[in-house]
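Peer 1: The sequence and its predicted three-dimensional model are supplied below.
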Amino acid sequence: MKTALKWFLAFILIIIIAAGAGGAYIYYGMQPVKASEEVVRVTIEPGMRTSSIADTLEQQGLIKNAFLFKSYLKLKSEGSRFQAGTYDINPGADYDEIIVKLNSGDIVKAEMIRFTIPEGYTVKQMAEILSEQGFVNEDTFLKLAKSPTGIDSQLLADIPDRAEMKFRLEGYLFPETYELKKGSSEQEIINRMFTETDQRLHKIADFEQKLKKSGLSLNEIMTVASLVEREVVVDSERSLVAGVIYNRLAKNMKLEIDATVQYLLDKPKERLMNSDLRKVDSPYNTYLYEGLPPGPIAAPSLKSIEAALAPEASEYLFYVTKKDGSGEHLFAKTYKEHLNNIEKSKATAK
């Protein structure tokens, strides 16, 4: 009897010791690691399982025991709301602090780049300024603008792919201020700008109806908008100038817009001479060819696009810029009136 009692007491003692050792193991394993001010960066990939997250935290030295952390998550019904991303976690954080951080999505903000594309810029000008800022390789940017790849937008199907077009995406990279992740590729930057154009177009009230009513293709509307953008400074004149363009097209008159010649020059001139106007033989040269150029000559603003969609009706066929510094134009119905306006403009020169 005494022997049996001894064995029983020894067994109970072993259980107590084992339970104590197990409790100590669990207690120690759940305690935070040694605190440090030096953060540890951890990345949680999309779709990552909680078991893998626990293993990663242990490997990175942020918890002592992945198994205990996983057990704690099950006990607390946690882990299902963890958000993917990159986190900075200080060693010394306890389980609950780590859980709160991963649930809240308190991720490290990606380093960003910021740039502004002015209204009326050409693809070449965009490539130049982005290259100067170190964001793109100029040649790569221009090649993609000419032969775009990797663009996931239905809008691309509406843009013709013609050999005579200098850049297929000319006029379709929206002028705006952008923020993208540092290290974004030329393709990602172009895709972002192209997507912005698509979104802006469809924010125009009744855009599809206006486009259909115009009887023109999207490319033709964007081309007219680009001409308006390069010709007009004063917003109130945009729809009127668009109307003049349509009036001349209806009468099979050459548009004779200086900006189309400037577009063909390696370096735009401050002032074109008469000898420049017919020097470059290109379908973009509206002094040589009737109709619209093959495509846009610059990135139009939303106001210019709206003007192209809703031109102001008039009988005007000509306009000339006032030389008084206002940026406004004098409009004429006949060539004789136009010549008089040219003299008036010269008389107001400052």
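Peer 2: Right, received. Where do you want to start? Numbering: from 1, shown residues only.
Peer 1: If you count neighbours, what's buried in the helix or strand where Leu75 lies?
Peer 2: Secondary structure from DSSP states H and E places Leu75 in helix 66-76. By 16 or more other CB atoms under 10 Å, the buried positions in helix 66-76 come out as 66, 68-70, 72-73. For the C-beta atoms, the positions are set from N, CA and C on the backbone; glycine is no exception.
Peer 1: Adding pLDDT as columns, could you present these in a markdown table?
Peer 2: Listed next are the buried residues of helix 66-76 as a markdown table, based on pLDDT from 0 to 100:
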| residue | pLDDT |
| --- | --- |
| Ala66 | 90 |
| Leu68 | 90 |
| Phe69 | 92 |
| Lys70 | 92 |
| Tyr72 | 91 |
| Leu73 | 92 |
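Peer 1: Which residue comes closest to Met48 once chain neighbours are left out?
Peer 2: Of all residues not flanking Met48 in the chain, Ala84 sits nearest, at 6.9 Å (CB to CB, 6 or more residues apart in numbering).
Peer 1: My error: substitute Asn252 in the last question.
Peer 2: Glu290 (5.9 Å).
Peer 1: Ok, Tyr284 next?
Peer 2: Here the residue nearest Tyr284, using CB to CB, 6+ apart, is Pro293, at 4.3 Å.
Peer 1: surely the one you found meets Thr286?
Peer 2: Yes. The pair Pro293 / Thr286 is scored as a contact, 6.6 Å apart, by CB atoms under 8 Å.
Peer 1: Now do the shared contacts for those two.
Peer 2: Thr260 (CB atoms under 8 Å, 6 or more residues apart in numbering).
Peer 1: neighbours around the residue nearest to Met48, how many?
Peer 2: By other CB atoms under 10 Å, 13 other residues sit near Ala84.
Peer 1: same question, the one 5 residues further on
Peer 2: Counted with other CB under 10 Å, the neighbours of Ile89 add up to 19.
Peer 1: ranges for the strands of the protein?
Peer 2: Assigned by DSSP state E, the chain shows strands spanning 40-44, 85-89, 112-116, 177-181, 318-321, 329-332.
Peer 1: now those in TSV, with distance to Asn274 and mean pLDDT?
Peer 2: Converted to TSV, those look like this (distance: least, CB to CB, whole Å; pLDDT from 0 to 100):
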stretch	distance to Asn274	mean pLDDT
strand 40-44	64	91
strand 85-89	61	91
strand 112-116	36	95
strand 177-181	39	95
strand 318-321	15	94
strand 329-332	19	95
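Peer 1: can I get those in CSV with distance to Ile151?
Peer 2: CSV is the format used below for the strands of the chain (distance: least, CB to CB, whole Å):
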stretch, distance to Ile151
strand 40-44, 29
strand 85-89, 27
strand 112-116, 19
strand 177-181, 15
strand 318-321, 36
strand 329-332, 37
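Peer 1: Quick one: closest of these to Glu132.
Peer 2: Nearest to Glu132, of all these, is strand 112-116, at 10.2 Å by CB to CB.
Peer 1: mind giving me the domain split of this structure?
Peer 2: Using automatic domain parsing, the domain parsing of the chain gives 32-109, 112-201.
Peer 1: want to throw those domains into CSV with distance to Leu216?
Peer 2: Compiled in CSV, the domains of the chain are given as follows (distance: least, CB to CB, whole Å):
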stretch, distance to Leu216
domain 32-109, 44
domain 112-201, 12
